[in-house]
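> I'll drop the sequence and a predicted model, then ask my questions.
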Amino acid sequence: MRHILSLSGGKDSAALAIYMRDRVPEMEYVFSDTRKELPETYAYLERIEDYLGRRVNRLNAELGFDHWYEVYGGMIPSNHRRWCTKMLKLKPFEQFVGDDPVRNYVGLRADENRSGYISHKPNITPVYPFQQDGLKLEDIEEILQSSGIGMPPYTAWGRSRSGCYFCFYQQKIEWVRLKEQHPELFEAAKAYERPFAGSGNTFTWSQQESLTELERPERVQAIKDEHTRRQAARKASGADLTLAEVYRRRAAQDDADDDACLICHL
């Protein structure tokens, strides 16, 4: 029986790696690298490796994102057409596993009630240690801080999830912040929003709005104003809540996209 823990570059899988390091010494750690990740994600993985004292296996798809983008007719992935997860995350992982019996450790917390996009090969058995042991969001944050690894560095500029720099699950404000923090990556994402020669279709990353439209100064300001308004309303609504309830609401807000790809975002 092999024991494999998939890291995404997110807080939950990082905390799980820390949590399981001494519990399962023979653990294999893997990261399915799309080559479209944020630089902060790669830096975070190196920090995790230092703590674990071993390398994280980088799993690369034989054919990258740009290949499959062409194969799918210039169709940018979305929550209804997640070919990116299938081709660039799941397939490399399943090839790494092969037909060996595997326990795959997944970082779903006890305060979550969601499912996601993971492998369903019969030889792969998912295991959820945080749910089994009752660990919630505040526990995950404590694990990260006490270990010295801390939260993923991209959270410092307001990105909430790991995954590719152009992930379609990003909020509008996260696209704005990507443009501010990594303008070259924002421009690279824009380049995919073009009429495809074979079909003439133009797909966009952000729902019902191209990145060219989103980056207009007046639109950027409107997105920032709306984000500020929502933050103020959220803060006001939690004024009389207990600490436990604040964490519960935060967990619900963090995981609003409950069908997000677990192998990408935990």
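Yes, it's here.

> And the next helix or strand past the worst-scoring helix or strand of the chain on mean pLDDT?
Ranking every helix and strand in the chain by mean pLDDT, DSSP states H and E puts helix 243-254 at the bottom, with a mean of 45. Next helix or strand after helix 243-254 toward the C-terminus (DSSP states H and E): helix 262-265.

> how far does that following helix sit from the chain's center?
5 Å (C-alpha atoms, centre = their mean, to the nearest Å).

> List the buried residues for that helix?
262-265 (16 or more other C-beta atoms under 10 Å). The way it works is simple: take the backbone N, C-alpha and C, and place the C-beta from them, glycine included.

> Kindly report the same for stretch 131-150.
Buried-residue list, stretch 131-150, by 16+ other C-beta under 10 Å: 131, 135-141, 143-144, 147, 149-150.

> pLDDT (mean, whole number) over it?
Here stretch 131-150 scores 96 as its mean pLDDT.

> coming back round to it: can I get the buried residues of stretch 131-150 in TSV with secondary structure and distance to residue 30?
Formatted as TSV, those follow (DSSP: H, G, I helix; E, B strand; the rest coil; distance: C-beta to C-beta, whole Å):
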residue	secondary structure	distance to residue 30
131	helix	21
135	coil	22
136	coil	26
137	helix	24
138	helix	27
139	helix	24
140	helix	20
141	helix	24
143	helix	20
144	helix	20
147	helix	20
149	coil	18
150	coil	22
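
> ok, these vs residue 208, which is closest?
Taking C-beta to C-beta as the measure, residue 208 lies nearest residue 137 of the buried residues of stretch 131-150, at 31.1 Å.

> ok, the closest one touching residue 107?
No. In this structure, residue 137 is not within contact of residue 107 by C-beta atoms under 8 Å, at 11.5 Å.

> where in the stretch 1-150 of the chain is pLDDT low?
Scanning the stretch 1-150 of the chain for pLDDT under 70 picks out the ranges 114-117.

> residue ranges for the helices of it, please.
Ranges of helices in the stretch 1-150 of the chain, per DSSP state H, counting those that start in this stretch, are 11-20, 39-52, 65-71, 83-85, 91-97, 129-133, 137-147.

> most packed of the ones you listed?
Of all the helices of the stretch 1-150 of the chain, helix 11-20 has the most neighbours on average by mean count of other C-beta atoms under 10 Å, namely a mean of 24.

> Counting by contacts, list what that one packs against.
strand 2-6, helix 39-52, helix 129-133, helix 137-147 (3 or more C-beta pairs under 8 Å, 6 or more residues apart in numbering; DSSP states H and E).

> Could you tell me the angle between that helix and strand 2-6?
140 degrees (axes from the mean of the first three to the mean of the last three C-alpha atoms, to 10 degrees).
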